[in-house]
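> Have a look; sequence and predicted model below, questions after that.
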Amino acid sequence: MAARGDHQREGASVARRGLMLVMSSPSGAGKTTLSRLLLAADSNVELSISVTTRPRRLSEVDGRDYHFIDQRKYDAMARNGELLEWATVFGFSYGTPREPVERALAAGRDVLFDIDWQGSQQLIKKCRSEVATIFILPPSLSELERRLRRRAEDTEDIIRKRMEKATDELAHWAEYDYVIVNHDLDQAFADVRTVLAAERLRRERQTGLADFMRSLQSKP
């Protein structure tokens with residue numbers, strides 16, 4: 001990763017480096033909704049926009065939800081080391097561009113990742129100290145299926161495949177730092193914010209602590 005920056009946030013007494021906050025869940029469990037709530041509530045968090053080769057849905061905007069690219073460009077990015085993590089889901093390729101993430105972290109901004117367990121594991125392997133991971137669970141599989149049908153964006157075949165994939169995804173819950181059951185959206189969102197607040201206070205993220213302590217201990 002890029003060298004640690006000494007970004008001083010307005011009103012803050014100690015500079016810190018940003019962190020990568022990963023949220024994963026089976027499709028329909030609520031990670032995308034929780035991500036949008038967090039981005040709206042916290043101006044120091046920015047979303048990592050993945051690249052993907054899958055077709056754009058009617059509700060999606062290029063550059064906001066994903067960067068929609070063709071397979072040739074995706075393969076070139078992977079080959080040139082421009083992706084932090086990548087995965088293939090339902091026959092389509094997904095990946096995280098490296099440069100925007102490294103720039104944000106060095107500036108003391110936190111980067112939110114809405115990715116699956118495969119991408120999460122890659123980030124952990126490459127830069128464990130930079131990452132905090134959250135797995136969002138649905139209250140039940142029947143509720144998960146109900147949510148998928150309610151959003152009315154997928155065909156019956158895709159819904160069936162998503163439910164089958166959910167079984168595999170749920171098996172990876174123990175690989176995450178934090179697990180939140182999304183019974184109630186407001187409570188789940190409060191839990192996410194609690195995790196972020198705690199992770200920001202980790203000693204190793206506060207790159208300005210040494211200077212701050214010297215100022216505290218200096219004689220008047």
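Looks like it came in fine.

> centre of the chain versus the helix or strand of the chain at the bottom of the mean pLDDT ranking, how much separation?
Every helix and strand of the chain was ranked by mean pLDDT, DSSP states H and E. The lowest is helix 141-151, at a mean of 75. Here the centre of helix 141-151 is set off from its chain's centre by 22 Å, with Cα atoms, centre = their mean, to the nearest Å.

> Now do whichever helix or strand comes after that helix against helix 141-151, angle only.
Downstream of helix 141-151, the next assigned helix or strand under DSSP states H and E is helix 156-170. With axes from the mean of the first three to the mean of the last three Cα atoms, to 10 degrees applied, the angle from helix 156-170 to helix 141-151 works out at 140 degrees.

> so Glu199 touches Leu19, yeah?
Yes - counting by Cβ atoms under 8 Å, Glu199 does reach Leu19; the two are 5.6 Å apart. For the C-beta atoms, the positions are set from N, CA and C on the backbone; glycine is no exception.

> and the spatially most central residue of the chain, what is it in contact with?
Among the residues of the chain, the one closest to the centroid is Phe113, at 1.6 Å (Cα atoms, centre = their mean). Applying Cβ atoms under 8 Å, 6 or more residues apart in numbering, we find Phe113 in contact with 20-23, 48, 96, 119-120, 123.

> count of neighbours near the nearest residue to Arg205 once chain neighbours are set aside?
Nearest-residue entry for Arg205: Arg16, 5.0 Å, with adjacent residues in sequence omitted and distances by Cβ to Cβ, 6 or more residues apart in numbering. Using other Cβ atoms under 10 Å, Arg16 has 23 neighbouring residues.

> Need the residues that contact stretch 139-152.
So stretch 139-152 is in contact with 26-30, 138, 154, 159, 162-163, 166, 181-183, going by Cβ under 8 Å, 6+ apart.

> okay but His172 is in contact with Gly119, surely?
No - if you go by Cβ under 8 Å, His172 and Gly119 don't touch, sitting 11.5 Å apart.

> Many thanks, have a good one.
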